Structure formats: structure tokens, C-alpha cells
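Q: this is a predicted model, with the sequence first.
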Amino acid sequence: MFGGANMGNMLKQAQQLQARMAKLKEDLGTRDVTASAGGGAVTVVASCDLKLKSVVINDELIKAGDKDMLQDLVLAACNSALDQAKSTASAEMSKLTGGFK
């Protein structure tokens, strides 16, 4: 059969890569990134599988009673944490695949 051994080898490599990718995905779920906004008034922790894990709001910010500012800071911190998580996940995936998309 033409290329049979070569095709079998490619299939085996693809299966190994798939297993490593599954392991990496699991690993990313346990890695966290932290971002803050407003000089630390709002801090968000997200996992590298893009799940928000916690939001901490400084008591002084709550006491200030500025709802619009609070909403803006929470949104900014969440977006920053998710951007960091995506960047970390992408970098780790790139290491695994050698840059191949």
C-alpha cells in the first residue's frame, strides 16, 4: 500500500497531539490570571480556560456610591483578565503546536 507506514505514523502523531491538547486544556483550567482596574479598586481572577473565578471590589469604591464608575471598573477588570487568559492559552497552545493553527 502506497505510503501506508507513513500514513500510520502521521495518524499516531495526530492522536498524540490530540491527547497533549486535551491535557493542556485541562491544565489551562487550573491556571489563573489576575487583573485589576481603578488602581486596584476592582480585582478579577479568571482561569485560562476563560472562566471568571472571582471579583473583589474595594469597600471604599462601594461606599463612594458611584454606580456607573463601579460598572465601568468591573467591566474593565473582567476584560483585562479574559484578555490575559486568552493570551496565556494561545501562547501555551502555540508551544504545543509549534505555531501551527
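A: Ah, there it is.

Q: for the longest helix along the chain, buried residues please.
A: When the chain is scanned for its longest helix (criterion: DSSP state H), the result is helix 67-97. Along helix 67-97, these residues count as buried under the neighbour rule (16 or more other C-beta atoms under 10 Å): 70, 73-74, 76-78, 80-82, 84-85, 88-89, 92-93. Every residue, glycine included, has its C-beta placed from N, CA and C.

Q: output the contacting helices and strands for that helix.
A: In this structure, helix 67-97 packs against helix 4-28, strand 32-37, strand 42-47, strand 51-57, helix 59-64, with contacts taken as 3 or more C-beta pairs under 8 Å, 6 or more residues apart in numbering; DSSP states H and E.

Q: so Ser54 touches Val45, yeah?
A: Yes - counting by C-beta atoms under 8 Å, Val45 is a contact partner of Ser54 at 4.6 Å.

Q: neighbour count: the two, which is higher?
A: A count of neighbours by other C-beta atoms under 10 Å puts Val45 above the other of Ser54 and Val45, at 18 against 11.

Q: what bridges to that one?
A: Thr34, Ser54 (DSSP bridges).

Q: which ones are touching it?
A: Going by C-beta atoms under 8 Å, 6 or more residues apart in numbering, Val45 touches Asp32, Val33, Thr34, Leu52, Lys53, Ser54, Ala81.

Q: how about a cut-off of 10 Å?
A: When the contact criterion is C-beta atoms under 10 Å, 6 or more residues apart in numbering, the partners of Val45 are 32-36, 51-56, 77, 81, 85.

Q: buried subset of those residues, written for PyMOL?
A: Isolation of the buried members of the contacts of Val45 (16+ other C-beta under 10 Å) is achieved in PyMOL through the command below:
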select buried, resi 32+33+35+36+77+81+85
